[in-house]
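J.: Kindly return the folded structure for what I paste below:
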Amino acid sequence: KSNNVNIGTASNGNTFSLTNGDIGISSANGGNSYTGLSIIDNTFELNGDGSYTGISLLNDFGTNAITLTNNDMTGTIATGINLTSGNATITKSNITSAGPAGIGIQLAGGTGHTIGTANTWANRNTLSNLAAGIQIDDETVDASTVTITFNDLSTGNTLAIDNNDANAIVSAIKNYFSVTTDPIAQVDNNASYVTYAPWCSQDDCGAFTQDISNTTQSKKYGAAQFDRAIDEAAENDTLTFDSAQTYSSKDIHAAVTMTSNNNATFDTALTISAAATLDDVNITGDTAITAGATIKNSDITKTLDIQS
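T.: Next comes the predicted model:
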């Protein structure tokens, strides 16, 4: 039984020179339960035209640990790392396609995968010039068991993170997306199923930012996640607005306190349908108030319509 396989060791890795359609490292897809797989310090490159897959680990590892460290890939990449089983920790790998083309890391099975190391920029994965830096397939991986953190996703990717699991939220906080504003486009506008705030506001992840904070629950959001911030808030939670943003066609349907610090502007079709408190906001569009709300310290340039 192929347990405790080591492909490369620290500073003693292998070089894979691959041609079109090749796979550098694969497994039998036999429903096995191999343990102890370690793939470290390997280099993968394309020899000629076409594209290749670097590592494709199929249904052979159950929920057993897999270590993937410092595996670098260049050339046109179909898939850098594909996982169909196991519990993988992926660090220090540079997967740079000649794209944007291919998928950097594809999670098609397994559970509890960790991509990057919390609070350790030196262990970052760098995923560049890809159609998708990290892709989570639908109905094969529970995205809520996946952790993506402290990775460099900043260069040339069509999408940095693509979560196709429509039933679970992936944790992807503290990654570098190249922008200091809300990186919602880099997660396929998936405001509901990717938790990406706070994100790195410096290219070494030495500082972080977000647009909205639920200070009661210690949750962070991008501006595009306003509706989610309201949906996840409990009665009497406090939401603070950490950067100047304009919000359109919103319904404040939770009895929260919104502390804007003059950062939140509501410009069109605002409805306040719960006993919320809005403090130091800007209202520049007509507003319907259908509950016992409180508005104070605010600048208002349109009608507040009190309705039943």
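
J.: mean confidence for stretch 271-288?
T.: Mean pLDDT, stretch 271-288: 97.

J.: What lies in contact with that stretch?
T.: Contacts with stretch 271-288, where a contact means CB atoms under 8 Å, 6 or more residues apart in numbering, come from 248, 250-262, 264-270, 289-305, 307. Every C-beta, even on glycine, is put in place using the N, C-alpha and C of the backbone.

J.: for that stretch, which positions count as buried?
T.: By 16 or more other CB atoms under 10 Å, the buried positions in stretch 271-288 come out as 271-272, 274, 276-283, 285, 287.

J.: Next, work out how far apart residue 130 and residue 63 are.
T.: 27 Å (CB to CB, to the nearest Å).

J.: Which one's more surrounded, those two?
T.: The neighbour comparison of residue 130 against residue 63 (other CB atoms under 10 Å) goes to residue 130, with 28 against 12.

J.: that older thread, are any of the contacts of stretch 271-288 buried, and which?
T.: Those of the contacts of stretch 271-288 that meet the buried threshold are 250, 252-260, 264-267, 270, 289, 293, 295, 298, by 16+ other CB under 10 Å.

J.: could you pull out the helices for the stretch 101-250 of the chain?
T.: For the stretch 101-250 of the chain, applying DSSP state H, counting those that start in this stretch gives helices covering 226-232.

J.: what about the strands in it?
T.: For the stretch 101-250 of the chain, the strands defined by DSSP state E, counting those that start in this stretch cover 103-107, 114-115, 126-128, 132-136, 147-148, 159-163, 170-171, 194-195, 199-200, 208-209, 212-214, 219-221, 238-241, 245-248.

J.: next one: the fifth one to chain centre, how far?
T.: If I follow you right, that is strand 147-148. Relative to the centre of its chain, strand 147-148 is centred 7 Å away, using CA atoms, centre = their mean, to the nearest Å.

J.: contacting residues around it?
T.: So strand 147-148 is contacted by 113, 114, 115, 116, 118, 134, 161, 170, 171, 172, 175 (CB under 8 Å, 6+ apart).

J.: Tabulate these (JSON lines), appending pLDDT.
T.: Compiled in JSON lines, the contacts of strand 147-148 are given as follows (pLDDT from 0 to 100):
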{"residue": "113", "pLDDT": "98"}
{"residue": "114", "pLDDT": "98"}
{"residue": "115", "pLDDT": "98"}
{"residue": "116", "pLDDT": "98"}
{"residue": "118", "pLDDT": "98"}
{"residue": "134", "pLDDT": "98"}
{"residue": "161", "pLDDT": "98"}
{"residue": "170", "pLDDT": "98"}
{"residue": "171", "pLDDT": "98"}
{"residue": "172", "pLDDT": "98"}
{"residue": "175", "pLDDT": "98"}
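
J.: Return the residues in contact with residue 142.
T.: Applying CB under 8 Å, 6+ apart, we find residue 142 in contact with 111, 165, 167, 168.

J.: no no, residue 292
T.: Contact analysis of residue 292 by CB under 8 Å, 6+ apart lists residue 275.
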